[in-house]
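In: sequence plus the predicted model coming up.
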Amino acid sequence: MSGPINYFQRLLHKNTPSRDEVLASPWLKPFGQRIAHSELWRFTRRSVPRAVFAGLFIGIFLMVPGLQIVGAALLAMPLRANIPIAAAMTFLSNPLTTPFFLLAAIDVGGRIGFHTDLASFMALRGESVSTWMQWLFSDAAPALVSGLFLIGLGVALVGYIVSLVVWRWWVGRKWRRRFATAE
């Protein structure tokens, strides 16, 4: 491996909390032992693509930064997906990508028949929560919500398929290496 990859792995390992530290969080107490199930923390050919799907879908559909990781973890539980991967996938929507997702969602919502009002949405920057709530209950908000749902679903399905292909390639590569060294 090259230097930057090793550095990133060491940095990630050093700064990532362990499973026990995460499970000791008071925020997770309401979920009891269900969240501690080992299936939700292992990297398997089934749990990783499911986690990619859950994280990408929630990360795009639920555009509230603090709730994305919680939402991905909650969706990962019934899907029997890897919780750390689901949480990491939510970072696809970040301050750099969020404006593009929002504009695309309003466009997609308008194309499927909902009323769109881009000017009123753009005027919401820096407004209070009550102004946002009023806008959410207006006739323009369904375009955004339905657009985010469809974009989130599409990106999540593509991520699921890509993760299946990458997982299969990675495992096949490991087996080829194992057989090459055995001969």
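Out: It's in. Computed from a predicted model, the values in this text were never measured in an experiment.
In: ramachandran angles for the spatially most central residue of the chain?
Out: Nearest to the mean C-alpha position of the chain, by Cα atoms, centre = their mean, lies Gly55 at 2.3 Å. Backbone torsions for Gly55, taken as degrees, to the nearest 10, come to phi -70, psi -40.
In: wait, it touches Ala88, no?
Out: Yes - between Gly55 and Ala88 there is a contact at 6.5 Å, judged by Cβ atoms under 8 Å. All C-beta atoms are positioned from the backbone trio N, CA, C, and that covers glycine.
In: and the helices in this structure?
Out: 3-15, 19-23, 47-61, 65-79, 83-89, 98-111, 118-122, 129-136, 141-182 (DSSP state H).
In: could you give the average pLDDT over the first one?
Out: Put plainly, it is helix 3-15. Looking at helix 3-15 alone, the average pLDDT works out to 69.
In: kindly report the same for the fourth one.
Out: This predicted structure assigns helix 65-79 an average pLDDT of 88.
In: tell me what that helix is packed against?
Out: helix 47-61, helix 83-89 (3 or more Cβ pairs under 8 Å, 6 or more residues apart in numbering; DSSP states H and E).
In: what about the shortest one, distance to the chain center?
Out: Chain-centre distance of helix 83-89: 6 Å, with Cα atoms, centre = their mean, to the nearest Å.
In: which strands or helices does that helix pack on?
Out: Other elements packing on helix 83-89 under the criterion 3+ Cβ pairs under 8 Å, 6+ apart are helix 47-61, helix 65-79.
In: most packed of the ones you listed?
Out: Comparing the helices and strands packed on helix 83-89 by mean neighbour count (mean count of other Cβ atoms under 10 Å), helix 47-61 comes out on top with a mean of 26.
In: apart from its chain neighbours, what residue comes closest to Ala73?
Out: Take Ala73 and drop its neighbours on the chain: the residue closest to it by Cβ to Cβ, 6 or more residues apart in numbering is Ile83, 5.1 Å away.
In: isn't that neighbour up against Glu39?
Out: No - look at Ile83 against Glu39 with Cβ under 8 Å: they stay out of range, at 10.0 Å.
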